[in-house]
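J.: how would this look folded up:
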Amino acid sequence: MDSDTCTVPDHFLPRKLSKQNLDRFIPNRSAMDFDFANYALTQGRKRNVDEITSASRKAYMTQLAVVMNQNRTRILAFRNKPKALLSSNHSDSPHQNPKSVKPRRYIPQNSERVLDAPGLMDDFYLNLLDWGSANVLAIALGDTVYLWDASSGSTSELVTIDEDKGPVTSINWTQDGLDLAVGLDNSEVQLWDFVSNRQVRTLIGGHESRVGSLAWNNHILTTGGMDGKIVNNDVRIRSSIVGTYLGHTEEVCGLKWSESGKKLASGGNYNVVHIWDHRSVASSKPTRQWLHRFEEHTAAVRALAWCPFQATLLATGGGVGDGKIKFWNTHTGACLNSVETGSQVCSLLWSQRERELLSSHGFTQNQLTLWKYPSMSKMAELNGHTSRVLFMAQSPNGCTVASAAGDENLRLWNVFGEPPKTTKKAASKNYLELFSHVNSLR
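T.: Got it, this is the predicted structure:
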């Protein structure tokens, strides 16, 4: 073979393809470059093939890649990015939208503030703490009632009771938060005007012994005494007693009117809970006609809480020897659920925005427990008190909870989340910040 002449062997030239085999090789013969084929056989090793830039070569390689599916970077690849899933819960139906998952709320495990409350009586049957709708927290320490104005952060003394009448055994704000009822050990009840800081009335004659529980229903003040009687007082008239409920044989230690004011729940030392009809208030004669009588607890019942999102639902808690939280349908009288807590239940509070219940306890842990309703799974346990947590009160915005215990400490907890957003600057102040300069209520 002459060195100046290149002859391509026949077996290297493209064969003429039949129609049935055409799709298996090169569908477009016009794109073939015979000059390049001759060059590649003789001189191709001397240069990098990628350096060849002829138009016919590029067309050939592109066509070959398409036909032979050599663009492997697109294998199993989406043409467009898939839409992000709304949640991790997949639905079998393409028309059913998956539910969004609500982020879990952070619940601080420690109290935001601890205040000294010297003289706080360690008595399960009394009610010595209340937070009014005017944003004023009242607490009774021995013979004296102290007020903390959460709007200004100031602390003041409302009244000190004479020794022959005291100590203070119960306190409760009116629904407008302007007047405070103060129950005494000598069976009297005093009414105090918070704004003018003066006593406006004394109620006598309803009880023969100390008044340990109070509950307002508009202009009706209901009082519960150690004598087992429940007395309704119309504070607008001179002879205030307008009705008496008889059903407890021991001390009445818990009273709560429903939000509608149509039903009264009472808890007593003899392990009994009664539900009373508000229409009995109109009767001046003592009545034993309760709507329901619950006797399933095995210890005194002081903790009572009406549900804010289900009007007929009542939660009750039993003391030492019981330790259960029970839920009642007050329309039918049925017990809906009973939960063992393992310790004395001292008080109960419902969240105003979430389906949650907060309970305070005695021995052994002296803790506060936050429950998810209706599953009653524990969301958090709040520890810090060293004695039974007898009293709890909730701020008007429903976020902050004050707890008072036999260890003579008052603790503030941010347990129910942040307050609703508001445009008022004054309302944006945090209760705990306003309380930051106070270390003791005395």
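J.: so how far is Gln352 from Gln394?
T.: Gln394 sits 8 Å away from Gln352, going by CB to CB, to the nearest Å. To be clear about C-beta, it is placed using only N, CA and C from the backbone, and glycine gets the same treatment.
J.: kindly report the same for Asn269.
T.: Taking CB to CB, one finds Asn269 at 30 Å from Gln352.
J.: who's more crowded, those two?
T.: Set side by side, Asn269 and Gln352 show more neighbours around Asn269, with 22 against 16, by other CB atoms under 10 Å.
J.: phi, psi of that one?
T.: phi -70, psi -20 (degrees, to the nearest 10).
J.: one more: Thr332?
T.: phi -100, psi -20.
J.: nearest spatial neighbour of Gln175, skipping sequence neighbours?
T.: Trp216 (5.8 Å; CB to CB, 6 or more residues apart in numbering).
J.: tell me the pLDDT of that neighbour.
T.: Here the pLDDT value assigned to Trp216 is 98.
J.: go on, Thr422?
T.: 54.
J.: ok but the residue nearest to Gln175 is inside a strand, no?
T.: Yes - with DSSP: H, G, I helix; E, B strand; the rest coil as the criterion, Trp216 is part of a strand.
J.: doesn't Lys229 make contact with Val211?
T.: No - the pair Val211 and Lys229 does not pass the contact test of CB atoms under 8 Å, sitting 9.9 Å apart.
J.: higher neighbour count, those two?
T.: Using other CB under 10 Å as the criterion, Val211 and Lys229 rank with Val211 on top: 30 against 20.
J.: the stretch 51-200 of the chain: strands as residue ranges?
T.: 113-116, 129-131, 136-141, 144-149, 154-160, 168-173, 179-184, 189-193, 198-203 (DSSP state E, counting those that start in this stretch).
J.: can you put these in a markdown table and add distance to Arg288?
T.: Converted to a markdown table, the strands of the stretch 51-200 of the chain look like this (distance: least, CB to CB, whole Å):
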| stretch | distance to Arg288 |
| --- | --- |
| strand 113-116 | 43 |
| strand 129-131 | 29 |
| strand 136-141 | 31 |
| strand 144-149 | 34 |
| strand 154-160 | 35 |
| strand 168-173 | 24 |
| strand 179-184 | 23 |
| strand 189-193 | 23 |
| strand 198-203 | 23 |
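J.: closest to Asp277 out of those?
T.: strand 168-173 (21.1 Å; CB to CB).
J.: tell me the mean pLDDT over that closest one?
T.: Here the average pLDDT along strand 168-173 is 98.
J.: now find how far off-centre that strand is within its chain.
T.: Relative to its parent chain, strand 168-173 has a centroid offset of 27 Å by CA atoms, centre = their mean, to the nearest Å.
J.: tell me what it is packed against?
T.: strand 129-131, strand 136-141, strand 144-149, strand 179-184, strand 211-217 (3 or more CB pairs under 8 Å, 6 or more residues apart in numbering; DSSP states H and E).
J.: dump it to PDB, restricted to CA.
T.: Only the C-alpha atoms of strand 168-173 are listed here, as PDB (Å, rounded to 0.1, in the frame of the first residue of the first chain):
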ATOM      1  CA  VAL A 168     -58.500  35.100 106.400                       C
ATOM      2  CA  THR A 169     -59.900  31.800 105.200                       C
ATOM      3  CA  SER A 170     -61.000  32.600 101.600                       C
ATOM      4  CA  ILE A 171     -60.900  35.300  99.000                       C
ATOM      5  CA  ASN A 172     -62.600  35.800  95.600                       C
ATOM      6  CA  TRP A 173     -62.900  38.600  93.100                       C
END
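J.: give me the angle between it and strand 136-141.
T.: Relative orientation of strand 168-173 versus strand 136-141 (axes from the mean of the first three to the mean of the last three CA atoms, to 10 degrees): 170 degrees.
J.: the inter-axis angle of strand 168-173 versus strand 154-160?
T.: 130 degrees.
J.: the residue nearest to Gln175: neighbour count?
T.: Trp216, neighbours per other CB under 10 Å, totals 19.
J.: Ser338 now?
T.: 14.
J.: out of the helices and strands packed on strand 168-173, nearest to Glu356?
T.: Each of those has some distance to Glu356 by CB to CB; the shortest is strand 129-131, at 17.9 Å.
J.: what about the closest one, distance to the chain center?
T.: For strand 129-131 - counting by CA atoms, centre = their mean - the centre lies 20 Å from the chain centre.
J.: stretch 403-413 now?
T.: Relative to the centre of its chain, stretch 403-413 is centred 20 Å away, using CA atoms, centre = their mean.
J.: so for that stretch, first residue to last residue, what's the gap.
T.: 8 Å (CA to CA, to the nearest Å).
J.: make 772 the starting number, not 1.
T.: Will do, 772 is the new start, and the previous item becomes stretch 1174-1184.
J.: pLDDT of it, averaged?
T.: On average, stretch 1174-1184 scores 97.
J.: what of stretch 909-923?
T.: Averaged across stretch 909-923, pLDDT comes to 95.
J.: which parts of it are buried?
T.: Under the neighbour-count criterion of 16 or more other CB atoms under 10 Å, stretch 909-923 has Ala909, Ile910, Ala911, Leu912, Gly913, Asp914, Thr915, Val916, Tyr917, Leu918, Trp919, Ala921 buried.
J.: which strand residues bridge the third one?
T.: Beta-bridge partners of Ala911, counted by DSSP bridges, are Val916.
J.: where in this structure is pLDDT low?
T.: Along the chain, the parts satisfying pLDDT under 70 run over 772-825, 835-874, 1051-1055, 1190-1213.
J.: could you count how many residues lie near the residue nearest to Lys936 when sequence neighbours are not counted?
T.: Distances taken as CB to CB, 6+ apart place Asn957 nearest to Lys936, at 4.6 Å, with adjacent residues excluded. Using other CB under 10 Å, Asn957 is surrounded by 17 other residues.
J.: for Thr931, same thing?
T.: Residues within reach of Thr931, counting by other CB under 10 Å, total 14.
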